[in-house]
Structure formats: structure tokens, C-alpha cells
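Q: Would you be able to build a 3D model of this:
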Amino acid sequence: RMRMRMRVMMGRWRRWGRRALAAHVVAVAVASALVVVVEASSVGVAFANASVTMLDASTGAMSAVTSAAHDAYAYYGFDLASVASDVDVVLDVMDGDADLYVLPPCVDATAACNAPSDVAWRWQSVHGAGSDEVFISRDDINATTDVGHGKTFRVAVHAWSRHGATFKIRAFEVPASRALAAPQKTALDALFDKCCADASTTCKKNWREYRTNGTDPCHAPDVRCSVSGEIIELDLSGEAMVCELRAADFVAFGSSLERLNLRHNSNVKLPGENSTFGVLGALTSLKSIDVSFTSLAVARALDDLCAGAPASLIEITAMATNIQGAVPACVLAMPNLQTINVARNYLNGTLPDLPRATPMRYVSLGMQYTTPAITGSIPSSYASSPTLEFLFLNNLALNGSIPDSFANSRLRELSLKANELTGVIPSSLAAAPYLLSIDLSGNNLSGEVPTGLYDNPNRTYVDLSSNALTKLSVTSAHANPGASLEYLNAAYNDIDERGVPETLTTLSGLKVLLLFKNRLHGPMLNAATTPVWDLRYFDASFNEFSGDVPDATHFGNIFAGGSGWWGDNALELSRNAFTNAPEWLEDYANVMNVRVGFMNNPIACPLPTSLIRRDFLAINCDFGENQGSPASNGAELYIEDDSSPEVSSKNGRSPLNGGVIAIVMVLIALGMSSGVGVGILMYRKRANRRAMAFRPFQGVEMSSGY
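A: A predicted model of the protein is given here:
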């Protein structure tokens with residue numbers, strides 16, 4: 001979740017990355033933007049041919065215990081008699097993890113309604129560890145939703161943990177009469193008066209409005225209340241609060257508050273008071289806390305968490321909060337802790353073992369700002385953990401080899417990028433059955449890529465760039481190799497093979513392939529065989545490929561045009577040993593959003609006239625005369641010195657001599673009309689875009705959620 005979270009991001013924050021970063025990449029990073037579907041009125045409960053269990057919102061009765069497999073959905077529905085009440089949809093997760101998505105009644109009575117999911121929802125849960133909740137305000141549904149019998153709100157429970165989830169669910173109307181208990185209302189008023197004292201600030205604008213119009217906090221969108229009128233969830237994130245928050249400010253909420261979000265309040269100070277975050281001392285029932293991008297009053301270590309945090313704590317997110325020191329073993333051994341995200345702090349020392357009995361599912365310790373950051377080897381307990389699903393140890397100073405103990409791993413995302421790891425990639429890592437995203441880039445790994453690392457059908461994202469790997473080709477044991485793989489980066493290695501490894505051409509889902517800066521040689525592809533890949537972006541520059549470039553049918557959907565999370569479609573083959581210009585490119589000159597780089601190959605001059613002055617194409621001849629490199633936008637040519645007749649003639653136009661430049665300067669100096677001046681300057685600028693010296697071509701960059 002904020003998985004793959006991907007850095008250009010695959011558009012897709014994987015769930016736990018979103019939990020860790022609350023805003024990723026994912027995603028990437030891995031991967032897909034949420035599409036919020038808003039529909040207005042309807043009849044019936046038949047949506048997406050799903051089996052639907054109806055919930056009674058008037059009584060709030062709990063459903064039966066249900067189990068769902070990993071990535072499976074269970075569907076529910078409920079009706080409202082009127083819009084006079086808010087609605088709480090509460091998911092009680094008994095084992096594993098699951099998320100909630102809710103859609104209002106749908107419009108079309110003649111067809112099945114859309115089923116809610118992680119890509120179709122109007123309301124969604126926070127995606128925190130443990131139980132989840134969706135609060136639907138009467139203000140949100142009153143103006144847009146026709147309610148009544150048979151007009152069914154659609155609910156989906158998405159089981160997310162590797163072994164699935166077991167849960168109960170209920171929906172219940174929150175009556176207008178529900179009111180926050182007096183002691184907590186007094187404490188909440190005091191909290192906002194303390195942190196939002198300046199009336200001119202935007203701090204808690206909604207809160208000010210609710211207080212002005214007399215709405216009780218239990219009906220405010222950032223507060224969740226229990227049936228007894230006590231706050232169980234308080235979201236104060238991104239409110240520009242200015243204050244120091246101490247344990248005394250939260251005493252009134254201590255027995256009820258389960259989830260506290262203070263994220264993105266850079267002017268909030270959190271003194272220690274016998275714990276890393278002093279407020280924990282007052283919150284005895286807390287399950288989840290997010291204090292990312294706030295500030296500890298002074299730099300403190302994590303050690304105090306072990307004694308100062310409540311045993312109920314399931315989730316700690318504290319990125320960029322000025323935590324320092326080593327990672328204490330006692331934190332990883334907290335009895336109920338499932339998520340710890342303390343990336344972007346000042347941690348150092350070595351990694352403690354991960355206790356086998358821990359319920360830990362998400363660990364993010366990456367990108368520490370100390371020098372050196374966390375060092376030493378990776379304990380094998382992280383690879384063999386029976387519960388760990390997300391591990392981000394990127395941008396540290398870890399060394400030694402990757403442990404070869406992933407055989408029974410439940411890991412779904414792994415990032416070890418930008419460390420000092422050596423040795424070969426272990427075969428057990430390649431065989432790990434559930435891994436979706438693997439990032440081993442920026443290390444000193446060597447040898448061959450093991451079978452299964454990228455061709456396992458479960459993989460979606462693999463980055464092996466900037467290592468010393470020598471062989472990429474594998475013999476896949478899978479009937480449908482790489483069926484889900486969209487991104488593979490093996491650039492900046494020492495791969496010395498003939499042609500593009502044939503296995504890569506069988507990866508049916510592959511969209512981005514980066515192979516630049518290797519020693520690949522010979523014919524690039526077998527012209528007699530058409531690959532099945534779905535390429536949109538292919539960079540094989542700075543290799544030693546020779547022979548002819550096969551036609552567009554060999555490059556997936558690059559020449560269909562378009563763009564996506566990878567940017568514009570692109571084919572980059574500059575700085576190889578191709579001797580013939582691919583004249584078939586002329587057929588695609590009018591396709592939108594396609595860029596081709598073919599600079600500095602040993603192509604004899606003159607170039608075919610069909611390829612001259614094609615805006616989508618960067619190409620030159622007489623390899624070695626102009627030591628450019630492919631352009632960042634790949635669509636046009638950038639000149640360094642167009643005054644040379646030799647250079648100009650190879651560009652197919654007359655040189656711009658010093659006289660033209662002098663005229664331009666005189667016109668500017670004499671203050672000629674802006675139209676004439678701009679016109680000449682635009683002519684010069686356009687000329688500068690038609691040359692043969694390129695800026696560096698920027699490959700697609702992606703990353704996971706940390």
C-alpha cells in the first residue's frame with residue numbers, strides 16, 4: 001500500500017503501503033489508481049452476479065462469522081428507511097486482515113449494479129491493521145441518495161492477508177440523538193482551542209463549522225463514536241495544528257480511543273513523558289497511531305516504546321519524526337504489533353532478530369538519514385517469518401548476502417534496494433510463492449538470475465538494476481510465465497548474452513522492460529518469432545546489438561501509441577551496433593505519444609529520406625561524429641553547435657551562421673516589436689531542437705511503498 005507504491009509509480013499503492021504512507025506508490029508504486037464510483041438511486045441487491053447477504057441497519061445485528069480466501073470478496077447490502085441518521089459499517093476482523101468498500105444504491109434498475117471493490121467505491125475504510133469501519137454521514141447521503149426499501153447500499157469485504165481473513169460485519173444507523181459524552185466533548189473542545197487558537201488559520205475548518213452550527217462531534221466526518229457516545233477514532237491529520245500535545249490532553253479518551261491520526265502536522269510537538277510518544281501513556285486502549293511528519297520535542301529512541309506503549313497497540317506509523325538510535329528488539333516483540341513504519345528517521349545500529357512468535361506483518365525501516373544507517377547482515381528470521389508480508393529495508397548500509405531461507409515465506413513485497421549486499425540471489429527467494437514486488441536494485445549482487453525470480457506468474461514488479469549480474473535468461477517451469485509481470489528492470493548490470501533473453505518475450509503482461517547499459521549482443525530478436533509481451537516502454541540502449549531491427553509487431557503495443565504510468569510509449573535503441581536504419585518506422589510517423597531513440601548506431605550516411613525530420617524519431621548517421629546521448633523526451637533533436645556546415649548538412653538544412661545571430665541580437669537591442677523578436681527567437685529555438693546531440697534519456701523509475 002503505498003506498495004509499489006512505484007517511484008514513477010505504477011500508479012498503484014498496494015494496501016499495506018497505503019497503510020504505511022497513507023497517501024503510494026506502490027504505487028507503486030504497484031500499479032492502479034482508485035476509481036471512485038458515485039451512483040445515486042436504485043432497486044434490488046443483485047450486483048455483479050454476486051451472492052449478497054443483507055444486513056439489518058435498523059437493529060445493527062452482527063452477521064455470521066465468515067471466512068474469505070486471499071484477494072477474495074464477500075458482499076453485503078443494507079437499506080435505510082430515511083436519511084435522518086448516519087450509518088456505521090463495522091468490520092470485526094477476527095483473523096488476518098480485510099478492508100471495507102461501500103457504494104450507494106445504483107441507478108440502473110434493469111441491469112446488475114457494479115460490485116464495490118478496491119477500484120469502485122464511494123466510502124472506504126482506513127486500511128489499518130485489525131478491524132475496520134466506514135462512517136457514512138447523513139450530510140453526505142442526504143442530498144444525493146434516494147433511500148428506502150429495496151434501494152440497497154452495496155458493501156464489499158476484501159480479504160487481504162495471505163492466508164485470507166475471518167470476520168463479522170454489521171451496519172447500523174446512528175441516530176441523530178447520539179451525542180459525545182460530556183467529559184470527552186470538553187476535552188475535545190480544549191484540544192482544538194489549544195491547537196487551533198488562531199481563528200485565521202485553516203486549522204480544523206470543519207470543526208469550527210460544526211461547532212458553529214451545533215452539530216455534535218459524533219456526527220462529524222473525522223470522529224467515530226461508540227454506541228455509548230465515546231470517541232473510538234480521531235483523525236486530526238493535515239490540519240496545520242500548532243501546539244504541544246501531551247498525555248494530559250488525551251486522558252479523557254484513554255479508555256475508548258482506538259485509532260489516532262496526527263499525520264502531517266509539522267508544527268505539532270510530542271514530548272516524551274516516559275515514552276517515545278508521550279500521548280501513548282494516556283491511551284490504554286489504543287490500537288493504531290500515526291504521528292508521521294510531526295516532530296518529537298527532542299530526538300528520542302524507540303526503546304521507550306517498549307515500556308510506554310499499551311499492549312493493545314497493533315500499528316505504529318512514525319515516518320520523519322526525528323527518532324534516532326538502534327531498533328530495539330523489544331519493539332519487534334510487542335505482543336500484538338503487526339505494523340511498524342519508522343522510515344525516514346535517524347536509526348542506526350544493526351537489525352535485531354524478528355521473533356518467530358510475533359504477529360508482525362509489515363516492517364518498514366528504510367531510508368534512514370544517519371551515516372552510516374542501519375548496517376550488518378539481514379537476519380534469516382525476516383526471510384523465514386511465518387507472518388511477515390511486507391519488508392522494506394531500502395537505502396540503508398546492509399551488507400553480506402541475502403539469507404537463503406525464503407522457502408516458507410509469506411512475503412508479498414520486498415525492497416532491499418540501495419544497500420551493499422553481495423553474493424548471488426538465493427534460489428529460495430526466487431521460489432517464494434507469494435511475492436508480488438521484488439526490488440534488489442543498487443547492490444553488488446552477482447551471478448545468474450535464478451529461475452522463478454521474474455517468471456513466477458505472481459510477480460508484478462521486479463527491479464534488479466545497478467548490480468553485477470551476468471545472466472538474465474532462465475528456463476521457466478511455469479505454464480504461464482510472468483503472467484502478471486508489468487515491470488522488469490535489469491539495467492546497469494554486466495549481462496553478456498546473445499539477444500534479448502527469449503523468456504522475456506513470453507511474458508504476456510510485460511509493459512516496461514529496461515535493459516540498457518549491459519553487454520547484450522548479436523541480433524536483438526528473432527525476426528521469425530513474434531513475442532507475446534505487451535510492451536509499452538523498451539530501453540535497450542548502450543548495448544552491442546547488431547543486425548536489423550525487426551518490425552513493430554515485435555515490440556508489443558509500443559506503436560499503438562498512448563501513455564500510462566510509464567509515460568509516453570517509447571522504444572530506445574541508441575548506442576548499439578545496428579547498421580541499417582529501420583525504414584518501417586515511417587509507417588508510424590503520425591501515431592501519437594510514441595518516441596523512438598536510434599542515435600549513435602553505425603548507420604551509413606545519408607539517412608533514408610523517409611526518416612529525416614520525423615518529430616517522434618531521434619536518429620543520426622556516421623556513428624562517432626556527434627557524441628550525443630538519447631534525449632529525455634525522445635521526440636526531437638537537440639543541437640550543441642549548429643554553426644558547423646558539416647553538422648548542418650547532416651541535419652538536412654542550411655547552417656545558422658553568425659550573421660543570423662547578429663541580426664537577432666541587434667533586433668533585441670533596438671527593442672523591435674515583440675512579435676518580430678519572439679518570432680526570430682522561436683525560429684532559433686526550433687532550429688536548436690533539430691540537431692544530433694541529445695540529452696540523456698531518462699528511463700522509467702518506479703518503486704515500492706515505503
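Q: Tell me, how many residues neighbour the closest residue to Tyr588 other than its chain neighbours?
A: Closest residue to Tyr588 apart from its sequence neighbours, by C-beta to C-beta, 6 or more residues apart in numbering: Phe559 at 4.9 Å. In this view, the C-beta of every residue, glycine as well, is placed from N, C-alpha and C. Neighbour count of Phe559, defined by other C-beta atoms under 10 Å: 19.
Q: ok so Phe559 is a strand residue?
A: No - counting by DSSP: H, G, I helix; E, B strand; the rest coil, Phe559 is not part of a strand but helix.
Q: For Trp566, see how far away it is.
A: In this view, Phe559 and Trp566 are 15 Å apart by C-beta to C-beta, to the nearest Å.
Q: which parts of stretch 395-410 are buried?
A: Within stretch 395-410, the residues scored as buried using 16 or more other C-beta atoms under 10 Å are Asn395, Leu396, Ala397, Leu398, Ile402, Pro403, Ser405, Phe406, Ser409, Arg410.
Q: Same check on stretch 217-233?
A: Buried-residue list, stretch 217-233, by 16+ other C-beta under 10 Å: 217-220, 222-225, 229-233.
Q: Any chance of these in JSON lines with distance to Leu188, pLDDT and secondary structure as columns?
A: What follows is the buried residues of stretch 217-233, written out as JSON lines (distance: C-beta to C-beta, whole Å; pLDDT from 0 to 100; DSSP: H, G, I helix; E, B strand; the rest coil):
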{"residue": "Pro217", "distance to Leu188": "6", "pLDDT": "86", "secondary structure": "helix"}
{"residue": "Cys218", "distance to Leu188": "10", "pLDDT": "85", "secondary structure": "helix"}
{"residue": "His219", "distance to Leu188": "13", "pLDDT": "82", "secondary structure": "helix"}
{"residue": "Ala220", "distance to Leu188": "10", "pLDDT": "80", "secondary structure": "coil"}
{"residue": "Asp222", "distance to Leu188": "11", "pLDDT": "81", "secondary structure": "coil"}
{"residue": "Val223", "distance to Leu188": "8", "pLDDT": "85", "secondary structure": "strand"}
{"residue": "Arg224", "distance to Leu188": "13", "pLDDT": "85", "secondary structure": "strand"}
{"residue": "Cys225", "distance to Leu188": "11", "pLDDT": "87", "secondary structure": "strand"}
{"residue": "Gly229", "distance to Leu188": "12", "pLDDT": "90", "secondary structure": "coil"}
{"residue": "Glu230", "distance to Leu188": "11", "pLDDT": "93", "secondary structure": "coil"}
{"residue": "Ile231", "distance to Leu188": "7", "pLDDT": "93", "secondary structure": "strand"}
{"residue": "Ile232", "distance to Leu188": "13", "pLDDT": "90", "secondary structure": "strand"}
{"residue": "Glu233", "distance to Leu188": "13", "pLDDT": "89", "secondary structure": "strand"}
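Q: farthest-separated two in those residues?
A: Spatially, the most separated pair among the buried residues of stretch 217-233 is Asp222 and Gly229, at 16.3 Å (C-beta to C-beta).
Q: So which residues of the stretch 401-550 of the chain form strands?
A: Taking DSSP state E, counting those that start in this stretch as the test, the strands found in the stretch 401-550 of the chain are 413-415, 420-423, 437-439, 444-448, 461-463, 468-471, 487-489, 512-514, 521-523, 537-539, 544-546.
Q: out of these, nearest to Leu573?
A: Checking the strands of the stretch 401-550 of the chain against Leu573 by C-beta to C-beta gives strand 544-546 as the closest, at 7.2 Å.
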